[in-house]
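Asks: Could you look at this predicted model? Sequence included:
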Amino acid sequence: MKINDIGYNHKHDKNFFVNRPYGSKDWLFLLIKTSSIFKINGEIKHVKPNSFILFDPEYPQYYKTHNDEYIDDWFHFHPNFQEINYIKEKNIPINKICYIGESTNVANFIKNMCYEFFSNNTNREQTINLYFKLIINKLNEKIYSSSLDTINDNIHIDKLLLIREKIYQNPELDFKINDCAKKLLLSRSYFQHLYVKTFGVS
């Protein structure tokens, strides 16, 4: 895969818009972090944060801010034959807005790709290709393996991981369920449900 350009947490003011009626002539992946307006198949769509779209090279691109600011992660790229097949194998929609809920892990992969792209690291191309594959895998999980309830639960995943890490690093401490639930602003019963669902243990 050849990355042409890439950006992480790219911020634009209220006047931002993109209008490419004939596409960008390369593939474009956008991780959309703020409310925005897209035109898809001639229809105006109001898009929620934590959505993505993968444009093919010829598809018209029209999107702009919805409020005061537009923020996204993005990369223009040329995939090779195997990578296009991998996108198809994982059933990643093309030229379609998809909401995925919590998107921190995908954003972090793009952040790391961005770092590699601008670095002089010896293996940067191979590393970028691996991050790309991780992004495709994660999108596949979020689209096809997650119900809406799971997507909502994933909002708490980072805090759950921190709590579990503290439990393992400090076995001498007495962790109370009520205290842990308060940190996530959850009820005791829902915290227990999420913990078991996420880690498979009480």
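Replies: Structure's in. What do you need?

Asks: pLDDT-wise, which helix or strand of this structure ranks last?
Replies: helix 148-153 (a mean of 48; mean pLDDT, DSSP states H and E).

Asks: what comes into contact with whichever helix or strand comes after that helix?
Replies: Per DSSP states H and E, helix 148-153 leads on to helix 157-169 as the next helix or strand towards the C-terminus. The contact list for helix 157-169, computed with Cβ atoms under 8 Å, 6 or more residues apart in numbering, reads 102, 104, 173, 175, 180, 183, 184, 194, 195, 198, 199. The C-beta positions use only the backbone N, C-alpha and C, and glycine is treated the same way.

Asks: at 6 Å instead, please
Replies: 175, 180, 184, 198 (Cβ atoms under 6 Å, 6 or more residues apart in numbering).

Asks: Now which of those would you call buried?
Replies: 180, 184, 198 (16 or more other Cβ atoms under 10 Å).

Asks: Which of these fall in helices?
Replies: Applying DSSP state H to the buried ones among the contacts of helix 157-169, the entries found in helices are 180, 198.

Asks: Put together CSV for the buried ones among the contacts of helix 157-169, with pLDDT and distance to residue 39 on each row.
Replies: Compiled in CSV, those are given as follows (pLDDT from 0 to 100; distance: Cβ to Cβ, whole Å):
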residue, pLDDT, distance to residue 39
180, 88, 45
184, 82, 38
198, 75, 38
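
Asks: That's all I had, so thanks and see you.
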